[in-house]
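Trainee: need a structure here:
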Amino acid sequence: MNNRNIKAIVFDLDGTLYEETHHFEYYAAQVAKRLRKEDQHRFWEDYRTVLSGRHPLRIGSVYDTEKDLILFLQNGIVSEAYRWNGEKLGAAEVKTIYPGQVKIDLDRLFSIGDNLDNDILPARRLGCRTIFIDAYRLAKHGDADVIVASMSECVPVLRRFL
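Mentor: Now for the predicted structure:
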């Protein structure tokens, strides 16, 4: 695997990797402590706004880091786009910025999941890179690009690729 060329990470978030959301607070605190002091207050405001559903960023959205836009796609076509402040872009502006289907080279995408049949094997067939979280150690060599026992073991793996 070629290091440092990952463009997207897809996490299995259908309830099998976690059952509660209280751990979001922990990860938010980890992010916040890495920010400049003057940015931390704004981060926590944004975090609470996102969690409350009053922000366009949410599960199912895509964040374009280059254009600083939050996107919603239908079959790869951007159907809606928002600025971070919540301002919705007009349809014409969206078409100008994203004239066609949004694509990513699948070999530049990591799929992380804990269900071999539903999360990992379909992604591998498409050409995605995969991390299989195998808490029961049932995987065979080659089932995924990387096999780990827990979500926390993904962190050092991802650091190598980001």
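Trainee: need the helices for this structure, in chain order.
Mentor: 23-32, 37-51, 91-97, 121-126, 154-161 (DSSP state H).
Trainee: from those helices, which stretch is densest packed?
Mentor: Each of the helices of the chain was scored by mean neighbour count; the highest is helix 121-126, a mean of 15, by mean count of other CB atoms under 10 Å. Placement of C-beta: from N, CA and C, glycine included.
Trainee: can I get the CA coordinates of that helix in CSV?
Mentor: Taking C-alpha atoms only, helix 121-126 is exported to CSV below (Å, rounded to 0.1, in the frame of the first residue of the first chain):
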residue,chain,number,x,y,z
LEU,A,121,-15.5,-7.6,1.5
PRO,A,122,-17.7,-5.4,-0.6
ALA,A,123,-15.3,-2.5,-0.2
ARG,A,124,-12.4,-4.7,-1.1
ARG,A,125,-14.2,-5.9,-4.3
LEU,A,126,-14.6,-2.2,-5.3
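Trainee: Give me the distance from it to the chain's centre.
Mentor: 17 Å (CA atoms, centre = their mean, to the nearest Å).
Trainee: same thing with stretch 63-74?
Mentor: So, by CA atoms, centre = their mean, the centroid of stretch 63-74 is 12 Å from its chain's centroid.
Trainee: Counting neighbours, which bits of that stretch end up buried?
Mentor: Within stretch 63-74, the residues scored as buried using 16 or more other CB atoms under 10 Å are 69-71, 73.
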